[in-house]
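>>> This is a predicted model, with the sequence first.
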Amino acid sequence: MGLKADLDTEVGAIFRSSWSERDGRVVPDDSSIQLGNDGVNLEATVLYADMADSTVLVDNYSAKFAAEVYKAFLRVAAKIISSENGTITAYDGDRVMAVYMGDYTNTRAVRTGLKINWACKNIIQPALNRIYTNTQFTVKHVVGVDTSKLFVARAGIRGANDLVWIGRAANYAAKLSAMDDMYPTWITDTVYDAMIGDMKIHNGQNRWEARSWTPMAGKTIYRSAWSWVVP
């Protein structure tokens, strides 16, 4: 059988096969979903943390320096995500995706973003400057957060496959992580409304600025330059 015939058969099977689906109570892992039409329904909050200016980094600095910056950012983000009981679901170049389930998912995800902001300014940048005294490179990033229903399935081929996260939260969080890095944390109005009060107001001041998200039919989103100290 040639490749075209093989592809015709497999694609046809995908569209014809019925789905086996169930509700999930925990973040699924690689072993819990089959490669066929098998999926899990979730209510979850998704975070994307994306390093900004990576093109400037790889075009103007050595590969080893760029690798060190990538590794430092992703290590810090991953540790903070884990400390807030988020589950890392994917790394993609200079960004990481995490999913939060259980109690206070939106509060924990947003606090993760604010801690990453603090750590970039107070841990990563000072360490970089101590070692590379002549560099002008500044580590910048953006975190995007949304919450919604999700459908999780497995895609790819045997030996080379991964989970795919289908739903608004995964899509919006990824898009928000590409916003203006002058405000390192961007969240949807659904996340903002669900956060506990001290994540919104500090000493009587709202730490978030509402914006209209023009490409998404003017949906209200919030941005912040605030940070949360990592203890």
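Noted; the coordinates are in hand. Residues are numbered from 1 along each chain as shown.
>>> starting at the chain centroid, how far to stretch 87-103?
Averaging C-alpha positions (CA atoms, centre = their mean, to the nearest Å) puts stretch 87-103 5 Å from its chain's average.
>>> start to end distance for that stretch?
Criterion CA to CA, to the nearest Å; first-to-last residue distance in stretch 87-103 is 14 Å.
>>> need the contact list for Val143.
By CB atoms under 8 Å, 6 or more residues apart in numbering, the contact set of Val143 is 47-50, 112-113, 116-117, 176-177, 184-186. Glycine gets a C-beta too; all of them are placed from N, C-alpha and C.
>>> helix or strand for it, which one?
Under the criterion of DSSP states H and E, Val143 resides in strand 141-157.
>>> okay, that strand in CSV with CA atoms only?
In CSV, the C-alpha atoms belonging to strand 141-157 read as follows (Å, rounded to 0.1, in the frame of the first residue of the first chain):
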residue,chain,number,x,y,z
HIS,A,141,8.0,37.6,29.1
VAL,A,142,4.2,37.5,28.9
VAL,A,143,1.9,35.1,30.7
GLY,A,144,-1.7,34.5,29.4
VAL,A,145,-4.4,32.9,31.4
ASP,A,146,-8.0,31.8,30.6
THR,A,147,-10.5,29.2,31.9
SER,A,148,-13.1,27.2,30.2
LYS,A,149,-14.3,23.7,29.3
LEU,A,150,-11.7,21.7,27.5
PHE,A,151,-11.6,18.5,25.5
VAL,A,152,-8.3,16.6,25.6
ALA,A,153,-7.4,14.0,22.9
ARG,A,154,-4.2,12.4,21.6
ALA,A,155,-2.9,13.2,18.1
GLY,A,156,0.0,12.0,16.0
ILE,A,157,1.3,8.6,15.2
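>>> now the helix or strand just after it and strand 141-157, what's the angle there?
Following strand 141-157 in sequence order, the next helix or strand is strand 160-166 (DSSP H and E). Here strand 160-166 runs at an angle of 120 degrees relative to strand 141-157 (axes from the mean of the first three to the mean of the last three CA atoms, to 10 degrees).
>>> Just checking: what are the partner strands of strand 160-166?
Strand 160-166 sits in its sheet next to strand 141-157 (antiparallel), going by DSSP bridges.
>>> What residues of the partner strand count as buried?
Buried residues in strand 141-157, defined by neighbour count with 16 or more other CB atoms under 10 Å: 141-148, 150-154.
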